[in-house]
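**Student:** sequence and predicted structure, then a few things I'm wondering about:
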Amino acid sequence: MATPSTSHDADLGLSALRERLLALQRHALETERHGEDEISLVHPSRRAAARNLVDYLAVRQHDLGDLQRALQRSGFSSLGVVQGHVMASIDAVLAVLDALHGRAHAAVDLSNYPSIDGARGQLRELAEDALGPSPAGGVRIMVTMPSDAATDPALIQHLVAEGMDIMRVNCAHDGPEAWGAMVGHLRAAEQKHGRRCRVCFDLAGPKLRTGPVAAGPEVLRFKPVRDELGRVTAPALIAFWPGERSEGGEVTLVPLSPRIHREAELGDVLVLRDAAGRTRRVLVENVGRHSLLGTTDRTTYLTTGTRVELRRADRILETGEIGNLPPRDAAIPLQAGDALVVTRDLTPGRPAIRDADDQVVEPARIGCSLPTVFDSIAPGHRVLLDDGKFEGIVREAGPEWFRLEILRAGRGRASLKAEKGINLPDTPLNLPALTGKDLDDLAFVAEHADLVSLSFVHDAADVDRLYAELDRLKADDLGVILKIENRAAFECLPELLMTASTRRRIAVMVARGDLGVEIGFERLAEVQEEILWLAEAAQVPVIWATQVLESLAKNGLPSRAEVTDAAMSTRAECVMLNKGPHIDHAIRFLADVSRRMGRHTTKTFATHRRLRVAASEWLHEDRSAPAPRA
C-alpha cells in the first residue's frame, strides 16, 4: 500500500499530465478554429479527416517525447499512433485521468472527428473507392506497362492472372494509339479472369533533362582475354563483311572493302595501323560467303577509314579500308573538380577541350531542356544530375548559362549522357506541373482512365489547375494521385492534402527516386515515414513507389535490402512495381510478403501475435509504437 506522501506525489504527477494534455487539446481546437474556412471546402466525406489533419499538425508543433514517456510510465497510451484519430486519443486519456481524480469529464463532441475504432475502417473505405478493392490480407499492386504491352495482349493477360490490381501507363512514353491498345488488352483480360483492374495514367510533367550530346568517335575496340599474369588465353575475334556500313546484332560485323574479301584465304594476314597508331596483324581464320573471321592477340582499335593490307607470305595482295562504323555512345566524362557549363540552348554537348599538355582549354558543355531554369538559378545552388549520380554546385550564373563545379561523379569518374534528369533542390522554379503535352494527353486520359497521376506537383495551385482541367473535360470523378517527388511538394504536403481533399477519390505516391535525390538519401527513410503519418492523418491512401523489388523484376533474384523494403512497403495501401522480364515473380513475391506482414501490422500500428518460440503463455498487452519525432 502506498504511503500518503507517495500517493500525493502520484496525484501531482497525474495532474501535471492532465494539464499538459488539456493544453495540447486546446491548441488543436484553436488551430481548427483558424482553419475552419479551409475545412469547409473539403469534400463532405473527408471533413472529419481534414479536421484530424489540422489537429495532428497542431500537436506535432510540440516536442512530445517527454509527455509520451511520462504517459507510458503511468500506464496510459503513449499517443505513439495518434495520427489517425488525434482528438479521440487525447480525449480518451483525459477521460481516464478525470475518472481517477473523481472529476466530471468535459468531453469534446467527437462526432466531427475520426474515432479510434473507426478511423482505419474509414481509410480502407476511401482507399477502396480511389484504388479499387485490396486483395484479401494483402496490398494492392500497381505495375508499370512496357511498350510491348501495346502489341502483346498475352503479357497483360499474364499480369492480371498473377494479381496486378492497377495498370500504370507512363505518358512520357508511347502515345494514344499504344495506350488505347493497352487498355483494350486489359479489358479483355478482365473478362477472361473475372476480376477488375484499375487503369492509372501517369502524366509526364515538366521533367528537367540534359540536352543532346554530340556523338563519340566511330571506333570499335577488340580485346583478347588474358589470365591474371597477363597471358592471352583467347584471342580477340573480329568479324568482317563486304559492305560499307557496320551491321549490328549479337556480333558487330565490321565493314571491309569487298575486294579484300574476294581475295582472302585461310591463313592470310590483315595488316593495319589502328586508331592508337600501332601496327596490328589480324590472322584470317575463316572465309565464308558473306563474312570473314579474323583473330588477334593484341588489343585493337578500329575506326572508319582505317587502311588495311591483305598479305600472304608477306606479299601484299590487296588493299582496302574499314567502312562506316557506329559512333560510340554520346557521353561526357566527368570527375570531382571538373567544370560543366549548362546552357539554355540545346546545341549538342561535348566533353572538355584539352591542349597538348592535357590542360582544359574549354570546359565540358551540355544543354538543359527547360529554359526557365536560367531565370532562377544562382551561385551556391546545388544541382544533381542523372538520379544523383553527379552532384555539383553553381559557381557562376548568367542569363544563358551557368557553370557547375562537379563535387561527385559516380564512384569517382562517370559519363553524363543526354536525356538524364536534372534536380535543383535549392532553386525556386515557377514551373506549372501541367505542361502543354499533359493538357493534350488529358483528353485521352479522361476517357480511358480510372486514375491520373500528377507529376512534379509543387504547390496547391498545381492541384487546382488539374481539377479545373478535369472539370472542363467533365471528368470530375476521375481519381487523382499526387506524386510527391521533390522538396517543394514534401514541404507543403499538408496544404496539398487539404486542397486535394476537396474531392473524395485521391491518393499520394511516395516517388522515392527524385525525392531521395532532392532531399538526400540519408533523409529518405525519415521523410517517407512522415509522408505516411500525414497521409494517414488525412485518411489519404498511399502508393509506395520506385525500385521496389527492382533486382527481382529485372534479374530474377531480390537483394536482402529489397526484401526488407518490400516488407516495409506493405504499410501503404498500394505498391508500385516497375517493368522487367521477371515481373510475374515480383508480383507473386510481393503478394506473399504483404499477406504475411498484414498479420503483424496495419499501417503504423503493431499487433503482437503469439510467439512460437515461447514455451509459456504471455499476457497480450497493447504496446504502442515508438514516439514520432516532433
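**Tutor:** On my side now, so go ahead. Numbers count the residues shown, from 1 in each chain.
**Student:** could you pull out the helices in the stretch 151-300 of the chain for me?
**Tutor:** With DSSP state H, counting those that start in this stretch as the definition, the stretch 151-300 of the chain shows helices at residue ranges 153-162, 176-193, 258-263.
**Student:** let me have those helices in TSV, extended by mean pLDDT, distance to residue 279 and mean neighbour count.
**Tutor:** Backbone N, C-alpha and C define where each C-beta goes, glycine included. Written out in TSV, the entries for the helices of the stretch 151-300 of the chain read as follows (pLDDT from 0 to 100; distance: least, CB to CB, whole Å; neighbours: other CB atoms under 10 Å):
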stretch	mean pLDDT	distance to residue 279	mean neighbour count
helix 153-162	94	52	18
helix 176-193	96	52	17
helix 258-263	91	17	16
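**Student:** closest one to residue 126 among those?
**Tutor:** helix 176-193 (23.3 Å; CB to CB).
**Student:** returning to that earlier point: and the helices of the stretch 151-300 of the chain: which comes nearest residue 358?
**Tutor:** Ranking these by their distance to residue 358 (criterion: CB to CB) puts helix 258-263 first, at 37.2 Å.
**Student:** what's the closest non-adjacent residue to residue 438?
**Tutor:** With CB to CB, 6 or more residues apart in numbering as the measure, residue 203 is the residue that lies nearest to residue 438, at 4.5 Å, once sequence neighbours are left out.
**Student:** what is the neighbour count of that neighbour?
**Tutor:** A count of neighbours around residue 203, defined by other CB atoms under 10 Å, yields 24.
**Student:** was I right about it contacting residue 439?
**Tutor:** No: between residue 203 and residue 439 there is no contact under CB atoms under 8 Å: 9.3 Å.
**Student:** shouldn't residue 397 be in contact with residue 376?
**Tutor:** No: under the criterion of CB under 8 Å, residue 397 lies out of contact with residue 376, with a separation of 9.5 Å.
**Student:** what part of this protein, helix or strand, is modelled with the least confidence?
**Tutor:** Every helix and strand in the chain was compared by mean pLDDT, DSSP states H and E; the lowest is strand 605-606, with a mean of 48.
**Student:** apart from its neighbours in sequence, what residue is nearest residue 227?
**Tutor:** What sits nearest to residue 227 in space, not counting adjacent residues and going by CB to CB, 6+ apart, is residue 233, at 5.3 Å.
**Student:** count the residues that sit near the one you found.
**Tutor:** When neighbours are defined as other CB under 10 Å, residue 233 has 10 of them.
**Student:** and residue 263, what does it touch?
**Tutor:** Taking CB atoms under 8 Å, 6 or more residues apart in numbering as the definition of contact, the neighbours of residue 263 are 310, 317, 318.
**Student:** three-state assignment of the second one?
**Tutor:** Going back to what we said before, that points to residue 317. strand (DSSP: H, G, I helix; E, B strand; the rest coil).
**Student:** contacts only, for it.
**Tutor:** For residue 317, the contacting residues are 263, 268, 310, 311, by CB under 8 Å, 6+ apart.
**Student:** which strands and helices sit next to the one helix or strand residue 576 maps to?
**Tutor:** When secondary structure is defined by DSSP states H and E, residue 576 falls within strand 574-577. Contact here means 3 or more CB pairs under 8 Å, 6 or more residues apart in numbering; DSSP states H and E; on that basis strand 574-577 packs against strand 140-144, strand 542-545, helix 583-598.
**Student:** save these as JSON lines, and put in mean pLDDT too.
**Tutor:** Output for these, formatted as JSON lines (pLDDT from 0 to 100):
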{"stretch": "strand 140-144", "mean pLDDT": "95"}
{"stretch": "strand 542-545", "mean pLDDT": "94"}
{"stretch": "helix 583-598", "mean pLDDT": "84"}
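**Student:** now, of these, which is deepest in the fold?
**Tutor:** By mean neighbour count, with neighbours taken as mean count of other CB atoms under 10 Å, strand 542-545 ranks first of those at a mean of 28.
**Student:** go ahead and name everything in contact with the next helix or strand after that one.
**Tutor:** Following strand 542-545 in sequence order, the next helix or strand is helix 550-555 (DSSP H and E). By CB under 8 Å, 6+ apart, the list of residues contacting helix 550-555 from outside reads 557-559, 562, 577-583, 585-586, 589.
**Student:** and helix 550-555, average pLDDT?
**Tutor:** Model confidence over helix 550-555, given as mean pLDDT, is 86.
**Student:** how far off centre is stretch 220-239?
**Tutor:** Stretch 220-239 has its C-alpha centroid displaced from the chain centroid by 40 Å (CA atoms, centre = their mean, to the nearest Å).
**Student:** buried stuff in that stretch?
**Tutor:** By neighbour count, and taking 16 or more other CB atoms under 10 Å as the criterion, the buried residues in stretch 220-239 are 220, 222, 224, 235, 236, 238, 239.
**Student:** re earlier: which of the contacts of residue 263 lies closest to residue 327?
**Tutor:** Using CB to CB, the shortest approach to residue 327 within those belongs to residue 310, at 26.9 Å.
**Student:** quick one: secondary structure of the closest one?
**Tutor:** Secondary structure assignment for residue 310 (three-state DSSP): strand.
**Student:** wait, it touches residue 318, no?
**Tutor:** Yes: under the criterion of CB under 8 Å, residue 310 lies in contact with residue 318, with a separation of 4.4 Å.
**Student:** in which helix or strand does the spatially closest residue to residue 442 that is not a sequence neighbour reside?
**Tutor:** When the adjacent residues along the chain are set aside, residue 442 lies closest to residue 469, with 5.6 Å between them (CB to CB, 6+ apart). Under the criterion of DSSP H and E, residue 469 resides in helix 460-472.
**Student:** what residues does the next helix or strand after that helix touch?
**Tutor:** Scanning the chain past helix 460-472 towards its C-terminal end, the next helix or strand to appear is strand 479-484 (assignment: DSSP H and E). Residues from elsewhere that reach strand 479-484 (CB under 8 Å, 6+ apart): 130-131, 198, 200, 202, 205, 450-457, 463, 466-467, 470, 489-490, 493, 496, 500, 503, 505-511, 515, 531, 543.
**Student:** partner strands of strand 479-484 and their direction?
**Tutor:** Its sheet considered, strand 479-484 pairs with strand 451-454 (parallel), strand 506-511 (parallel) by DSSP bridges.
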